[in-house]
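In: What follows is a predicted structure for the sequence shown.
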Amino acid sequence: MNILVKNIKMLMGGEIAEGDICISGDTIAAAGTLPKEFTAEKIIDGSGKLAIPGLINCHAHSYMSLFRNLADDLTFEDWLFGSIMPREDSLSPEDAYWGAMLSCTEMIKSGTVCFMDMHMFPNKCAEAASTLGMRAVMTRGLTGPDRTEKDALRRFNEHMQEREQWADDPLISFKLGPHAIYTCGRDYLEFLIEKAKETNQEFHIHLSETLNEVKNCYKEQGKSPVEYLNDMGFFNVKTAAAHCVHLSDHDMDILAEKNVSVIHNPKSNLKLANGISPIPRLLEKGVNVCMGTDSQASNNTLNMFSEMNFAALLHKGTTGIPTVCAAREVLDFATVNAAKALGFEKTGAIAAGNKADICILDLDRPEFYPRNDLAAALVYSANGSEVDTVIINGEIVLEKGRLTKFDEEEIYAKARQVAERF
Ligand SMILES: [Zn+2]
């Protein structure tokens, strides 16, 4: 289908332009001026609205929406090992599907078009994303001591099967997801490095999230988690690492040199009292910084507007420098930098030739008046409730604030029903 968005303000390269956006199939055919020959089956009136590149959430656990507000105000260890993991063990694939449906609904309604997930049931989450029309990168959470252990191997094989199963889908792709250095043994990690190289796959991992992880790594390996992975050749595979809270100067140099993308999850790190990632220093060193929400069990929303707001404020407070993490830089975390981290270079910006992944906000809201600087307003004033229309891969998945492909009330009812068991 061809879609024409007429007379709309649009965020392009950090500045606000005005004109038309022409969408042809899954691609932005033109942005700014309307080509003479363009005809559209669907016309969206863009007056009073702002189009921005759809936001990209690089780290989530979508089934965990079911655990929202079930385990708040606990230590990281009590939260993960005492509360979350035992509940995960009792989840059925069907439960995970409805959890992921709820998460995808929450993301679409707050302007997110694409997410990277770490999941026990990636197939079910891929199904949810596909049902609602979201772009998604699935990573099966891989854990185990070594390559010969039955469950470790089973998890890897499941990942490979599911990756194969979705190979031709335009929206769903897969990366290898070793969960963390404290849940994967060295031999298992080395096995995954070999497999990643053999089959041309990338990594998504939790890294240097807690002080305990770092302390234990020094005790057991005599080096930091970043050094440990680097020395075994892990970063020779393209990697997006979530958290990276506790880093030495040497760690940061390694991440920069190896082109590791750091996925900043400021709210989750604060809520679990894990600390604050040194984002301004990572940026100084040239590291590609993107953003994620982590799960609703440690955030407790998947709202990227809220996450951007936190990132912009937090580092000003910790550094005492009000110019760090400026609004436009933080917008890049959630768009172009994220696209780079995921290897989706044709997303993350409104530009001719890019995929049509666009979020349209209603500007007729008090938080958008007066119109002094709309790019800054997205980070400092918006809250995500202004999202009116979302287009993913050229398809309208949200219109006038409502999902177009599934009944929202049914999703809420099913999620409540499943969550009652917990
Ligand atoms: Zn996580």
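Out: Received the coordinates, thanks.

In: Name the residues of stretch 286-299 that come out as buried.
Out: 287-299 (16 or more other C-beta atoms under 10 Å). Using the backbone N, CA and C atoms, a C-beta is placed for each residue, glycine as well.

In: My reading is that residue 396 lies in a helix. Confirm?
Out: No: counting by DSSP: H, G, I helix; E, B strand; the rest coil, residue 396 is not part of a helix but strand.

In: Now do it, the pLDDT please.
Out: Residue 396 is assigned 98 on the pLDDT scale.

In: any idea how far it is from residue 125?
Out: Residue 396 is 22 Å from residue 125, where distance means C-beta to C-beta, to the nearest Å.

In: For these two, work out which one has more neighbours and name it.
Out: Just comparing residue 396 and residue 125: by other C-beta atoms under 10 Å the higher neighbour count belongs to residue 125, 30 against 20.

In: Double-check that the more buried one belongs to a helix.
Out: Yes: remark: residue 125 belongs to a helix, assigned using three-state DSSP.

In: so it makes contact with residue 136?
Out: Yes: with contacts counted by C-beta atoms under 8 Å, residue 125 reaches residue 136, the gap being 7.1 Å.

In: hey, what's in contact with both of these two?
Out: residue 117 (C-beta atoms under 8 Å, 6 or more residues apart in numbering).

In: mind checking which helix or strand residue 7 is in?
Out: strand 2-12 (DSSP states H and E).

In: same thing with residue 21?
Out: Going by DSSP H and E, residue 21 is part of strand 15-24.

In: which strands and helices sit next to the very next helix or strand once past that strand?
Out: Later in the chain than strand 15-24, the nearest helix or strand by DSSP H and E is strand 27-32. Strand 27-32 sits against strand 2-12, strand 15-24, with contacts defined as 3 or more C-beta pairs under 8 Å, 6 or more residues apart in numbering; DSSP states H and E.

In: repeat that for 6 Å
Out: The contact analysis (3 or more C-beta pairs under 6 Å, 6 or more residues apart in numbering; DSSP states H and E) places strand 27-32 against strand 15-24.

In: tilt between the strand it packs on and strand 2-12?
Out: 160 degrees (axes from the mean of the first three to the mean of the last three C-alpha atoms, to 10 degrees).

In: Just the buried positions in strand 15-24, please.
Out: For strand 15-24, by 16+ other C-beta under 10 Å, it's 19, 20, 21, 22, 23, 24.

In: do stretch 248-262 as well
Out: 251, 252, 254, 255, 256, 258, 260, 261, 262.

In: Tell me which stretches of the stretch 251-400 of the chain form strands.
Out: 261-264, 289-291, 358-362, 387-392, 395-399 (DSSP state E, counting those that start in this stretch).

In: should've said the stretch 101-250 of the chain
Out: 112-119, 135-142, 172-174, 177-178, 203-207, 239-243.

In: Dump those strands into TSV; add distance to residue 51, mean neighbour count and mean pLDDT as well.
Out: Putting those into TSV (distance: least, C-beta to C-beta, whole Å; neighbours: other C-beta atoms under 10 Å; pLDDT from 0 to 100) gives the following:
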stretch	distance to residue 51	mean neighbour count	mean pLDDT
strand 112-119	12	28	96
strand 135-142	17	26	97
strand 172-174	25	22	98
strand 177-178	32	28	98
strand 203-207	29	27	98
strand 239-243	27	26	98
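
In: Let me have the ones you listed in JSON lines, extended by distance to residue 411.
Out: Converted to JSON lines, those look like this (distance: least, C-beta to C-beta, whole Å):
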{"stretch": "strand 112-119", "distance to residue 411": "16"}
{"stretch": "strand 135-142", "distance to residue 411": "16"}
{"stretch": "strand 172-174", "distance to residue 411": "19"}
{"stretch": "strand 177-178", "distance to residue 411": "25"}
{"stretch": "strand 203-207", "distance to residue 411": "26"}
{"stretch": "strand 239-243", "distance to residue 411": "26"}
